[in-house]
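**Student:** Here is my input, please return the structure:
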Amino acid sequence: MGWLPRTAAVASGLALAGCAGIPPTFRCPAHGGPPWREMATEHYLLRTDLPGPEAAELVGRIERLRAAVAAGLPGGAPGPPGRVDVVAFRTLEEYQPFSPDNALGYYIRYEGGPPRIVVPGEIGPWQRAMLAHELTHDFLAGKYRRQPRWFAEGLAVYMESVETDASGSVVTVGAPPPERLERARSSPVPVAELLEWDGSRGRRPAVDYYASSWLLMHWLVEERPRAFEALVRELSAGSPPEAAWHAALPEFDPDRPGGLSELDADLARHARAKLGRQRRQGEARPVVAYFERPMLPSEVHAVRIELWQFGSGRSTTALRSEVEEAVAEDPAHPVALEYLAALDHADPLPYARRAVAGHPNDARAYTFLAESLPGPGQAEEREAALRKAAEIAPRNAAALHNLAEALLADGKPLLALPAARQAAELAPWSPPVLAGYAEVLAGLGHCTEAIPVQQRAIEAIPDRGTTAERRALTKSLARYSEQCRVSGAAAP
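**Tutor:** Below you'll find the model as predicted:
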């Protein structure tokens, strides 16, 4: 069960520009730059330096895209809890220092904090497909207790084509994406291999697995809707992927020699047929209301500091410039002080106490304080700080997870259970949060409940997840299975 820091470590690098930094494409509001604003809608919190009308149009487009995904998603799904953060830079030049490999937009799922969308002030066709893909993952995480990788990625790619008519009442999905279709035709992944795909590096490029997952999903939705409905039913109920497949597609038995060969042939034919698309009725043009307020210059810097790790450049000097500018504008800002302590290799505790004194209603300050109290004699104060963070931010999964971790480490698994359970409900896409919940369940002796939660944690590991992360979660799963074996409990 791992601690979820509020900010990332300062070991990775990105060229940032403060008011005195480089490159000279950013001027903070305190030094005459364009004002930044926050716009909060029902599902999004936009932070941007776009002018008011453009910001309102952007957040409205994202809300409408979310509504279209909800209306068009085969099998349906409840909306994910909480808001998604959106950071939109006014110009491409401002955005680029924070861009990984020059991506024209990206989607971050923090380990326990809210997901975050980062774009250069616009939502073009590429960004729209990317956001539809990632929003689908958010919807799926809230519905499916089990998600084999081919199913999750196949459905997410399927939803990349979501469109609405002018009225917003008819949603169209399933149009074949040309690049995916060509890849599925030219480099098909056999279904037997696809069913074993777990997101780790396979025998072939990842794009082949994505394309073949999309093709299998398209075939299911278009040609085998009853089988698709059966899969949805089984996976939503938490059935293991193997059992769900057998229940939905018994004629294609992976355990029978050659049992999937006919399906490979069917998919090859499907890829060369005239592929259809689905049209669904649904309200995809909601009325978008928002609350707007100006952002403090120190908070603008804090957003940039937190995005530092995702850029492709590397300049600790520029990061320090940004951090020091934030501290000059707010000497007690928790994000700036946490990074400043790390950059200076200083004892963070005095910085954390300054942050708490200056921001007594900011959960980030109390999380920073708890992180700065590692000693065994400081457990009581650390727990109190984490309780305060969770009290201030009761919908923040990281705050709840950290509290649960501290209570479990203190030998209080029963007290840890409510926080761990709520964290998993808020961030069902987070491997550390799910693994933390499983650890608490196992600590209470509930191994049969811990095993499926740990399996969900493993299935949620993103493609960029490390081998060490996968190995650690798998090792814990084996430990829970052994716990069930020794106790005589029937493992699920």
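
**Student:** I would like the residues contacting the helix or strand containing residue 475, please.
**Tutor:** Assigned by DSSP states H and E, residue 475 falls within helix 467-487. In this structure, residues lying in contact with helix 467-487 by Cβ atoms under 8 Å, 6 or more residues apart in numbering are 198, 200, 431, 435, 438-439, 442, 445, 447-448, 450-451, 454-455, 457-458, 461, 489-491. C-beta coordinates here come from the backbone N, C-alpha and C atoms, glycine included.

**Student:** Buried residues, it. List them.
**Tutor:** Within helix 467-487, the residues that qualify as buried are 469, 470, 473, 476, 477, 480, 481, 483, 484, counting by 16 or more other Cβ atoms under 10 Å.

**Student:** How far off centre is that helix?
**Tutor:** 24 Å (Cα atoms, centre = their mean, to the nearest Å).

**Student:** Same check on stretch 61-72?
**Tutor:** With Cα atoms, centre = their mean, you get 18 Å for stretch 61-72.

**Student:** With stretch 210-227 instead?
**Tutor:** 24 Å.

**Student:** Looking at that stretch now, give me its mean pLDDT.
**Tutor:** For stretch 210-227, mean pLDDT rounds to 95.

**Student:** Show the buried residues in the contacts of helix 467-487.
**Tutor:** Neighbour counting by 16+ other Cβ under 10 Å classes 431, 435, 438-439, 442, 447-448, 450-451, 454-455, 457-458, 461 among the contacts of helix 467-487 as buried.

**Student:** Serialize those to CSV and add fields for distance to residue 119 and pLDDT.
**Tutor:** Shown next, in CSV, are these (distance: Cβ to Cβ, whole Å; pLDDT from 0 to 100):
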residue, distance to residue 119, pLDDT
431, 25, 93
435, 31, 96
438, 34, 97
439, 36, 97
442, 40, 96
447, 44, 95
448, 43, 95
450, 38, 96
451, 39, 96
454, 34, 96
455, 34, 95
457, 29, 94
458, 31, 93
461, 25, 89
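
**Student:** With distance to residue 142 added, can I get these in TSV?
**Tutor:** Shown next, in TSV, are those (distance: Cβ to Cβ, whole Å):
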residue	distance to residue 142
431	16
435	18
438	18
439	22
442	24
447	25
448	23
450	20
451	21
454	19
455	17
457	15
458	18
461	18
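
**Student:** In helices only, show me those residues.
**Tutor:** 431, 435, 438-439, 442, 447-448, 450-451, 454-455, 457-458 (DSSP state H).

**Student:** Show the backbone phi and psi for residue 164.
**Tutor:** Backbone geometry at residue 164, expressed as degrees, to the nearest 10, gives phi -130, psi 160.

**Student:** Mind listing the residues bridging to it?
**Tutor:** Partner residues in beta bridges with residue 164, using DSSP bridges, are residue 171.

**Student:** Quickly note the distance from it to residue 128.
**Tutor:** 11 Å (Cβ to Cβ, to the nearest Å).

**Student:** same thing with residue 300?
**Tutor:** 26 Å.

**Student:** who has more neighbours, the two?
**Tutor:** The residue with more neighbours, out of residue 300 and residue 128, is residue 300; 22 against 19, by other Cβ atoms under 10 Å.

**Student:** hang on, isn't the more buried one packed against residue 28?
**Tutor:** Yes - between residue 300 and residue 28 there is a contact under Cβ atoms under 8 Å: 5.9 Å.

**Student:** where do the contact lists of those two overlap?
**Tutor:** Between them, residue 300 and residue 28 share no contacting residue, judged by Cβ under 8 Å, 6+ apart.

**Student:** ok, how many other residues are close to residue 376?
**Tutor:** Neighbourhood size, residue 376 [other Cβ under 10 Å]: 6.

**Student:** Please apply the same query to the one 4 residues further on.
**Tutor:** Around residue 380 sit 10 other residues, with neighbours defined as other Cβ under 10 Å.

**Student:** gap between it and residue 410?
**Tutor:** 9 Å.

**Student:** And for residue 385?
**Tutor:** Distance from residue 385 to residue 410, by Cβ to Cβ: 14 Å.

**Student:** Also residue 134?
**Tutor:** Counting by Cβ to Cβ, the gap from residue 134 to residue 410 is 36 Å.

**Student:** if you count what's nearby, which of those two comes out ahead?
**Tutor:** Shown here are residue 134 and residue 410; by other Cβ under 10 Å, residue 134 has more neighbours (22 against 14).

**Student:** Is it correct that that one is in contact with residue 153?
**Tutor:** No - with contact defined as Cβ under 8 Å, residue 134 does not reach residue 153; the gap is 11.4 Å.

**Student:** contact partners of stretch 233-246?
**Tutor:** With Cβ under 8 Å, 6+ apart as the criterion, stretch 233-246 contacts 143-148, 151, 195, 230-231, 247-248, 252-254, 452, 455, 492.

**Student:** Please repeat the previous calculation with a cut-off of 10 Å.
**Tutor:** By Cβ atoms under 10 Å, 6 or more residues apart in numbering, the residues outside stretch 233-246 that reach it are 75-77, 140, 143-152, 191, 195, 227, 230-232, 247-248, 252-255, 452-453, 455-456, 459, 492.

**Student:** picking up where we left off before, could you give the angle of the helix holding residue 475 to helix 447-459?
**Tutor:** 170 degrees (axes from the mean of the first three to the mean of the last three Cα atoms, to 10 degrees).

**Student:** how about residue 28, phi and psi?
**Tutor:** When read as degrees, to the nearest 10, the backbone of residue 28 gives phi -70, psi 160.

**Student:** Spatially central residue in this structure, please.
**Tutor:** residue 109 (2.5 Å; Cα atoms, centre = their mean).

**Student:** Tell me the spacing between it and residue 271.
**Tutor:** In terms of Cβ to Cβ, residue 109 sits 31 Å off from residue 271.

**Student:** Now do the strands in the chain.
**Tutor:** Along the chain, the segments classed as strands by DSSP state E run 37-40, 44-48, 84-88, 106-108, 116-119, 163-164, 170-173, 278-281, 291-294.

**Student:** thinking again about what came up before, the buried ones among the contacts of helix 467-487: which two are farthest apart?
**Tutor:** 448 and 461 (22.5 Å; Cβ to Cβ).
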